[in-house]
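**Q** following is a predicted model, sequence given first.
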Amino acid sequence: MTSTFHRFLTAGVLMLWGTILLTIYFTGRICAYLHPNFQPFALVAGCLLVCFASLVLIAPASANAHSGARLSVWSVLTSLILVAPLLLAFSNTLDSFGASTVANRVYVQDLAQLPSAQLPASGQPSGTVEVPLPDDGSNTAQSTNTAQDDKYLLPRNKQGQVQAQIVDFLYAAQLPEIRDQLEGKPVEVIGQLMPAKTNNPKGNRLVVVRMMMTCCAADAQPIALPIEPQQKPELPEMTWVRVTGKAAFPIEGGHRKPLIQNAAIEKIDAPQDPYLY
Amino acid sequence: MDGAFHFSLSDFSFAFLSILLEGLPFLLLGTMIAGVIDQFLPVRLMTRLLPRNPYAGALVSGLLGILFPICECGVVPIIRRLMAKGLPPANAITYMLAAPIVNPIVALSTYAAFRGQSPLEVTLLRLGLGYGVAVAVGIVVHNLPLRQVLRTNVIADIAQPQGLSGGAAAAGIPGRLWGALAVCVGDFLSMTVYFVLGAAAAALFNTSVNQDFIVPLATNDWLATGSLMTLAAMLSLCSTTDAFIAASFSMFPTIAKLAFLVFGPVISLKLIFLYSSIFRKRFVFGLAVGLFVVIGLLCMRLRVVWP
């Protein structure tokens, strides 16, 4: 009796884990959690767990017996630890971070802090500079992967504004060939609205942020671009916005910093893939 | 929101699930390999292949990650089964600590992440330090009584090395496969309990603690090194990708980033819980403190390379 209960308990735990993994994968929510390179692993793991759960139910008694399977207070307790936090998290997650977590992380506002940015040690542009482009598929059609071949052309929208990603501004602060396309020109950028934590001497600045994921959502870092709005918006933090204004690269604290001046802010829907990679 | 701590259940749940989704496939892979080892690896084979001299054994075990690369989540169930198959605990622990660092995937990712920041030096030092520390721990463990290192149930497994456990060998290949499944499932559930606890602790830190508070520490080498090692332990990142995070700490000295890269894959919140499934809690505590001090001091000595 107890071995039968243990068998069903084990199969139930495995089935629950497998089902949750597969649910997250097949509903597309996996994009919020994992870098695309890691998503297939979750699918395979989910399928294996469901298979294992089925196999545990049909396994010969000897197979379960030799593994030392037995029902005890400890096995019930461990099953609770395996099930309760998973269900709690699954039912409470919003599949994105709120303002408090983003504010708790260090804003990346400099190319040297950007994960996977490839600048020579001197910080000067050279023939070996690689420009990892924003990878949300929104406006990179005319871009290529190197600054050297002079084909890193940012697209423009119907109003003639340069459509740039936040990382483009970080690169532009370091690389004149990209800065030339932005400085003093009307630009458009999308991101989530947050308060400026630093570099805000007059108190009139906000930042737009995009989360850059290296591996999973837990390691995502906010890439931030300061803006000076025409008027302070009445929007909650982390609202997705389209910002249009004039790009500037003033020298502040001895470093060239990107900034959008005279910024108009418009609320928009969240993009299909909110991350940069 | 400006305080040092702010908890949000939805954010915690999001980070917790993302850590689980990232690590669980590798933990499952590790337990599947463990199941195969249990049922198909002849007893004492590992002992016969490795040098009998314990010091040479530790030196060779530290390099096994090159042939059998596995990340820190997957390696724990594997060494548990390898010990049950007769691999000396000192060699097993050396492999456990070295494999997440001394392997080709980590070498490539570290080199790629640090391009423009002395990539060759950082990569070689990461692998070299990781290897040296793992071998040193293996030699120390060799000189410790097993009861101070391993949990009682693990010692019992070692005391009665499992040829092909439970008579599965007599049942032929199907019997062994069923046996491998049972071992895999048993190990997966027991390890995942600790992984869940570790992921919860990491997610709590990840979402609730204001990381701006560590930035001022970057100006002092000692504080920078200690704080990045602590951060590595708290974040519990995967060793195959942690270099990309480390490289982004531009305000921190390179020695502090190196300490982050060597310490994080061997000691982290999730690993402390996973280690506790095999090792005595006192040993895990000693290992964590000892590695923190040793890796920190070794990296500080490297200031002559990166003043």
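**A** Now that the structure is in, tell me what you want to look at.
**Q** show me the longest helix that occurs in the chain.
**A** Here I'm looking at chain A. For chain A, the helix with the greatest residue count under DSSP state H is helix A:2-26.
**Q** that's the wrong chain, I meant chain B
**A** For chain B, the helix with the greatest residue count under DSSP H is helix B:172-208.
**Q** give the other helices and strands that the next helix-or-strand element following it contacts.
**A** Following helix B:172-208 in sequence order, the next helix or strand is helix B:221-235 (DSSP states H and E). Where contact means 3 or more C-beta pairs under 8 Å, 6 or more residues apart in numbering or on different chains; DSSP states H and E, helix B:221-235 is packed against helix B:172-208, helix B:242-247, helix B:254-263, helix B:281-301. Using the backbone N, CA and C atoms, a C-beta is placed for each residue, glycine as well.
**Q** of those, which is nearest A:Gln174?
**A** Closest to A:Gln174 of those is helix B:242-247 (C-beta to C-beta; 15.8 Å).
**Q** re earlier: name the residues of the longest helix of chain A that come out as buried.
**A** Judged by neighbour count using 16 or more other C-beta atoms under 10 Å in any protein chain shown, the buried positions of helix A:2-26 are A:6-7, A:9-18, A:20-22, A:24-25.
**Q** residues making contact with that helix?
**A** A:29-30, A:33, A:39, A:42-43, A:45-54, A:56-57, A:59, A:61, A:64-65, A:69-71, A:75-76, A:79, A:82-83, A:86-87, A:90, B:17, B:21, B:24, B:185, B:188-189, B:192 (C-beta atoms under 8 Å, 6 or more residues apart in numbering or on different chains).
**Q** those, buried ones only, as a PyMOL selection?
**A** Of the contacts of helix A:2-26, the buried ones go into a single PyMOL selection, burial set by 16+ other C-beta under 10 Å:
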select buried, (chain A and resi 30+33+42+43+45+46+48+49+50+52+53+56+59+64+69+75+79+82+83+86+90) or (chain B and resi 17+21+24+185+188+189+192)
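**Q** just checking, which of the contacts of helix A:2-26 belong to helices?
**A** Filtering the contacts of helix A:2-26 for helices - DSSP H - leaves A:30, A:33, A:39, A:42-43, A:45-54, A:56-57, A:61, A:64-65, A:75-76, A:79, A:82-83, A:86-87, A:90, B:17, B:21, B:24, B:185, B:188-189, B:192.
**Q** pLDDT weak spots in the stretch 151-300 of chain B?
**A** B:161-171, B:250 (pLDDT under 70).
**Q** cutoff 50 now
**A** For the stretch 151-300 of chain B, the stretches flagged by pLDDT under 50 are B:164-166.
**Q** also the stretch 101-250 of chain A?
**A** Along the stretch 101-250 of chain A, the model assigns pLDDT under 50 to residues A:119-149.
**Q** let's go with 70 and repeat that
**A** A:115-152.
**Q** so which bits of the stretch 1-150 of chain B are right by chain A?
**A** Contact residues, the stretch 1-150 of chain B versus chain A (C-beta under 8 Å from any C-beta of the partner chain): B:1, B:6, B:8-22, B:24-26, B:28, B:32, B:112-113, B:115-118.
**Q** now do the residue nearest to B:Leu41 when sequence neighbours are not counted against chain A, distance only.
**A** Leaving aside its sequence neighbours, B:Leu41 sits nearest to B:Lys85 (C-beta to C-beta, 6 or more residues apart in numbering or on different chains; 5.4 Å). Going from B:Lys85 to chain A by C-beta to the nearest C-beta, to the nearest Å gives 16 Å.
**Q** surely B:Lys85 and B:Met46 touch.
**A** Yes - using C-beta atoms under 8 Å, B:Lys85 is in contact with B:Met46, at 6.1 Å.
**Q** the residue nearest to B:Ala4 when sequence neighbours are not counted: neighbouring residues, count only.
**A** Leaving aside its chain neighbours, B:Ala4 sits nearest to B:Asn210 (5.1 Å; criterion: C-beta to C-beta, 6+ apart). Counted by other C-beta atoms under 10 Å in any protein chain shown, the residues lying close to B:Asn210 total 18.
**Q** for B:Asn210, what are its contacts?
**A** B:Asn210 neighbours (C-beta under 8 Å, 6+ apart): A:103-104, B:2-6.
**Q** pull out the buried members of the residues you listed.
**A** Looks like these have A:103-104, B:6 buried, using 16+ other C-beta under 10 Å.
**Q** just curious, which of those is nearest to B:Ser268?
**A** Using C-beta to C-beta, A:Asn104 is the member of the buried ones among the contacts of B:Asn210 that lies nearest B:Ser268, at 18.9 Å.
**Q** and the closest residue to A:Cys215 other than its chain neighbours, what is it in contact with?
**A** The shortest distance from A:Cys215 to any non-neighbouring residue, by C-beta to C-beta, 6+ apart, is to B:Thr241 (4.2 Å). Residues counted as contacts of B:Thr241 (C-beta under 8 Å, 6+ apart) are A:214-215, A:219, B:109.
**Q** which of the residues you listed has the most neighbours?
**A** Counting by other C-beta under 10 Å, top hit in these: A:Asp219 with 26 neighbours.
**Q** what about that one, distance to A:Ile20?
**A** A:Asp219 sits 21 Å away from A:Ile20, going by C-beta to C-beta, to the nearest Å.
**Q** over to B:Met300?
**A** With C-beta to C-beta as the criterion, B:Met300 and A:Ile20 are 44 Å apart.
**Q** what's around B:Ile295, how many residues?
**A** Considering only other C-beta under 10 Å, B:Ile295 is surrounded by 26 other residues.
**Q** doesn't B:Leu261 make contact with it?
**A** No - in this structure, B:Ile295 is not within contact of B:Leu261 by C-beta under 8 Å, at 9.8 Å.
**Q** what parts of the stretch 151-277 of chain A come near chain B?
**A** Of all the residues in the stretch 151-277 of chain A, those lying near chain B are A:197, A:214-219, A:221, going by C-beta under 8 Å from any C-beta.
**Q** filter those residues down to the ones in strands?
**A** Per DSSP state E, strands hold the following members of those: A:Gln221.
**Q** let me know the closest of the residues of the stretch 151-277 of chain A next to chain B to B:Thr94.
**A** Taking those together and measuring to B:Thr94 by C-beta to C-beta, the closest member is A:Cys215, at 26.5 Å.
**Q** tally of neighbours for A:Arg205?
**A** Neighbour count for A:Arg205, taken as other C-beta under 10 Å: 18.
**Q** does it touch A:Asn199 like I think?
**A** Yes - look at A:Arg205 against A:Asn199 with C-beta under 8 Å: they come within range, at 7.4 Å.
**Q** find residues that contact each of the two.
**A** A:Pro226.
**Q** distance of B:Asp11 relative to B:Leu197?
**A** 19 Å.
**Q** those two - which one has more neighbours?
**A** Of the pair B:Asp11 and B:Leu197, B:Asp11 is the one with more neighbours under other C-beta under 10 Å, namely 26 against 18.
**Q** tell me the contacts of the more buried one?
**A** Contacts for B:Asp11 were tallied using C-beta under 8 Å, 6+ apart; they are A:97-98, A:100-101, B:207.
**Q** how much space between it and A:Thr93?
**A** 9 Å.
**Q** what is in contact with those two at once?
**A** By C-beta under 8 Å, 6+ apart, B:Asp11 and A:Thr93 have no common neighbours.
**Q** can I take it that A:Pro36 is in a helix?
**A** No - counting by DSSP: H, G, I helix; E, B strand; the rest coil, A:Pro36 falls outside a helix, being coil.
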